[in-house]
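Novice: attaching a predicted model along with its sequence, questions to come.
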Amino acid sequence: MKKIKFLLLGILASLTLVNCSDDLDDVIRPASNLEISQFIYRGLNFWSLYKSDVPDLANDRFESDEERDAFLESFESPEATFEGLLSPNDRFSILRDDYIELENALSGIRRSTGMRFALFNDPSGNGDVFGLVRYVINNSPAQDAGVQRGMIFTGIDGVLLTNTSDFDEIFGRDAFTLNLADYDPDTELFTLNGTNIDLNQIELTINPVHTARTLTVEGEQIGYLHYTGFTNEFDDQLNNVFAQFQADGITDLILDLRYNGGGSIETANDLSSMITGQFNGEIFIRQTYNDDRNPDNQFDRRFNANIGSGNNGASINSLNLTRVYVITTGSSASASELILSGLDPYIEVIQVGTTTSGKFEGSFLLYDSPDFRRTDAINPNHRYVMLPLVLRSVNANGLTDYFDGFTPDIVIAEDFRNLGQLGVQGEPLLDAVINEILLGRSAAAHYNTRELPAVFYSDQNDVLYQRMLNE
């Protein structure tokens, strides 16, 4: 009898401990693949911009929930379900297994060394790969360690980079050492120079206002802004830059979006209103959705006088310009391209650099909750979240579907042999714009027009890489 009493007491104690631990917010009760796949199917069936391209997402595809579930169980994982329900036209929708990571990214928080770089094949074709530092995030480990734009590296941790290297693994390490190299234009060879830089990854809150200054050139006041991401938490800082441009009396603006992969549509709307100001109330872009959702959700975003979507934000500091110069590369995407598209019907937009990515679709987070958007009723059994393409941007002239990107008026490509410093005269793309401002269009033959294709970008695995968000 005593044994039974003690056994019962032990069971009760165990149950009490389990119940107490279940109250902890960080406990995730495991969901089955089917449960997660049901969420994926519901979300894409409801919101996917390209729903009509996917027969399995048709509203009459299944006669019962049981038939639909049998279909979903044929996929081996939630990721396979997601991929199996995407349109061939959908290049940018993503699924992640932890919504906290995505929420942090939306706030500008990234795990990074602060070094933004690209990897390229050795021009000799020998199978080696070299890295080029494109810019360094302010107040980051890379900046503290002395990393600078234009630095070249050919090895990591003493191992040379080749086209068979696992770049995701190498640059995903918590810490690594750059092995710097020099390039000899005469021999066209890279040689390690003995300089090594130790870097570590930390959680960074990244201010996208990277470089802002007013350049005085031949008596002209020219504003320059290197802007790296449309992150709405920093809209006030962005607005402050335009206040300074106003105070400096700039007559021309160079907006450098060459490495800007996008972000918040609302911030793009606000930035366009900062550049202009004389078109308040006019359509910036129209957001359209799939046939099921469009009647209730089509939305016109308009040039406005306040930060954010309402009238309670700070007053926008507008320049009332009738012309803007925008520097782009193949890394300029989504909200960056929205600037080009949204402003084009109203003012002269002179694009300098190389062709943009070609992304006109927008997204928002879909949680496993009753309406996909509420965060107070999320399924506690998993943390999966989707960021699918849900909307199409259309400018005031009806322009959309620019899959091939925007081609510059002045074509000039970055050259790793002469990269220059951002915002400093002598940087080739900046000089090309200044030359256009002062002298008028120059012959493209004066410029390097060959863009070396990258094999890897440091931010390509960023959860918000080349995404445009309905935020």
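Specialist: Perfect, I can see it now. Numbering: from 1, shown residues only.

Novice: could I get the full set of helices for this structure?
Specialist: With DSSP state H as the criterion, the chain has helices at 2-22, 33-47, 65-72, 78-84, 99-106, 141-145, 167-171, 235-248, 265-275, 294-297, 335-343, 428-439.

Novice: between those, which one is nearest to residue 198?
Specialist: Residue 198 sits nearest to helix 141-145 of all these, at 6.6 Å, using C-beta to C-beta. C-beta coordinates here come from the backbone N, C-alpha and C atoms, glycine included.

Novice: what mean pLDDT does the closest one have?
Specialist: In this model, helix 141-145 has a mean pLDDT of 98.

Novice: ok, stretch 281-289 next?
Specialist: Per-residue pLDDT over stretch 281-289 has a mean of 98.

Novice: how many other residues sit next to the residue lying closest to residue 313 once chain neighbours are set aside?
Specialist: Excluding the flanking residues, the one nearest residue 313 by C-beta to C-beta, 6 or more residues apart in numbering is residue 307, at 3.4 Å. Applying other C-beta atoms under 10 Å, we find 22 residues neighbouring residue 307.

Novice: let me see the contact set for residue 307.
Specialist: Residues near residue 307 by C-beta atoms under 8 Å, 6 or more residues apart in numbering: 235-236, 239, 270, 313-316.

Novice: and what of residue 276?
Specialist: Taking C-beta under 8 Å, 6+ apart, one finds 303, 318-321, 343, 346-347 in contact with residue 276.

Novice: could you rerun that using 10 Å?
Specialist: The neighbours of residue 276, taking C-beta atoms under 10 Å, 6 or more residues apart in numbering as the test, are 282, 284, 303, 316, 318-322, 324, 342-343, 346-347.

Novice: closest one to residue 197 out of those residues, please.
Specialist: Distances from residue 197 to the contacts of residue 276, taken by C-beta to C-beta, are shortest for residue 324, at 36.8 Å.

Novice: my read is that that closest one contacts residue 436, right?
Specialist: No: here residue 324 lies out of contact with residue 436, judged by C-beta atoms under 10 Å, at a distance of 11.9 Å.

Novice: shared neighbours, those two?
Specialist: 252, 254, 350.

Novice: measure the second one to residue 435 for me?
Specialist: So that's residue 254. 12 Å (C-beta to C-beta, to the nearest Å).

Novice: now list whatever residues contact both of these two.
Specialist: Shared contacts of residue 254 and residue 435, defined by C-beta under 10 Å, 6+ apart, are found at residue 352.

Novice: look at these two and report which has more neighbours.
Specialist: Neighbours were counted for residue 254 and for residue 435 using other C-beta under 10 Å; residue 254 has more, 24 against 17.

Novice: for stretch 260-267, the distance to its chain's centre please.
Specialist: Offset of stretch 260-267 from its chain centre (C-alpha atoms, centre = their mean, to the nearest Å): 7 Å.

Novice: and what of stretch 298-311?
Specialist: Stretch 298-311 has its C-alpha centroid displaced from the chain centroid by 22 Å (C-alpha atoms, centre = their mean).

Novice: quick one: end-to-end distance for it.
Specialist: 21 Å (C-alpha to C-alpha, to the nearest Å).

Novice: then stretch 356-366?
Specialist: So stretch 356-366: terminal residues 27 Å apart, C-alpha to C-alpha.

Novice: outline the domain layout of this structure.
Specialist: For the chain, the structural domains run 33-90, 111-205, 209-362+390-448, going by automatic domain parsing.

Novice: how about these in JSON lines, adding distance to residue 373?
Specialist: Listed next are those as JSON lines, based on distance: least, C-beta to C-beta, whole Å:
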{"stretch": "domain 33-90", "distance to residue 373": "10"}
{"stretch": "domain 111-205", "distance to residue 373": "25"}
{"stretch": "domain 209-362+390-448", "distance to residue 373": "11"}
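
Novice: tell me the most buried of those?
Specialist: Most buried of the domains of the chain, by mean neighbour count (mean count of other C-beta atoms under 10 Å): domain 209-362+390-448, with a mean of 19.

Novice: quick one: least confident of the contacts of residue 307?
Specialist: pLDDT across the contacts of residue 307 is lowest for residue 313, at 85.

Novice: just checking, that one touches residue 269?
Specialist: No: counting by C-beta under 10 Å, residue 269 is not a contact partner of residue 313; they are 11.6 Å apart.

Novice: shared neighbours, those two?
Specialist: Joint contacts of residue 313 and residue 269 (C-beta under 10 Å, 6+ apart) are residue 304.

Novice: what sits against residue 128?
Specialist: Applying C-beta under 10 Å, 6+ apart to residue 128 gives the contacts 121-122, 154-155, 160-163, 165, 190.

Novice: hmm, I was thinking of residue 174
Specialist: Counted by C-beta under 10 Å, 6+ apart, residue 174 has contacts 111, 113, 199-202.

Novice: and if we set it to 7 Å?
Specialist: 200-201 (C-beta atoms under 7 Å, 6 or more residues apart in numbering).

Novice: re earlier: comparing the helices of the chain, which gets the lowest mean pLDDT score?
Specialist: helix 2-22 - the lowest mean pLDDT of the helices of the chain, at a mean of 40.

Novice: which residues does the residue lying closest to residue 454 once chain neighbours are set aside form a beta bridge with?
Specialist: Distance criterion C-beta to C-beta, 6+ apart; nearest residue to residue 454, sequence neighbours excluded, is residue 118 at 4.2 Å. On the basis of DSSP bridges, residue 118 is bridged to residue 132, residue 457.

Novice: how about the strands of the stretch 151-300 of the chain, start to end?
Specialist: Counting by DSSP state E, counting those that start in this stretch, the stretch 151-300 of the chain has strands at residues 152-156, 159-160, 175-184, 189-200, 202-205, 209-217, 220-227, 252-256, 263-264, 283-288, 299-302.

Novice: could I get the ones you listed as TSV with distance to residue 451?
Specialist: Shown next, in TSV, are the strands of the stretch 151-300 of the chain (distance: least, C-beta to C-beta, whole Å):
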stretch	distance to residue 451
strand 152-156	17
strand 159-160	25
strand 175-184	18
strand 189-200	20
strand 202-205	28
strand 209-217	21
strand 220-227	19
strand 252-256	16
strand 263-264	23
strand 283-288	28
strand 299-302	32
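
Novice: quick one: closest of these to residue 32.
Specialist: strand 202-205 (31.8 Å).

Novice: and the closest one, how far out from the chain middle?
Specialist: Relative to its chain's centre, strand 202-205 lies at 16 Å (C-alpha atoms, centre = their mean).

Novice: tell me the strands beside it, with direction?
Specialist: When DSSP bridges is applied, strand 202-205 pairs with strand 109-112 (antiparallel).

Novice: just the CA coordinates for the partner strand, please, in CSV.
Specialist: Taking Å, rounded to 0.1, in the frame of the first residue of the first chain, the C-alpha atoms of strand 109-112 are listed here in CSV:
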residue,chain,number,x,y,z
ILE,A,109,18.4,43.3,-36.2
ARG,A,110,20.8,41.0,-38.0
ARG,A,111,23.5,38.5,-37.0
SER,A,112,26.5,39.8,-38.8
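
Novice: just the residues contacting it, thanks.
Specialist: Applying C-beta under 7 Å, 6+ apart, the external contacts of strand 109-112 come out as 137, 140, 201, 203-206, 462.

Novice: could you do stretch 50-62 as well?
Specialist: In contact with stretch 50-62 (C-beta under 7 Å, 6+ apart) are residues 44-45, 48, 68, 71, 85, 87, 89-90, 290-291, 389.
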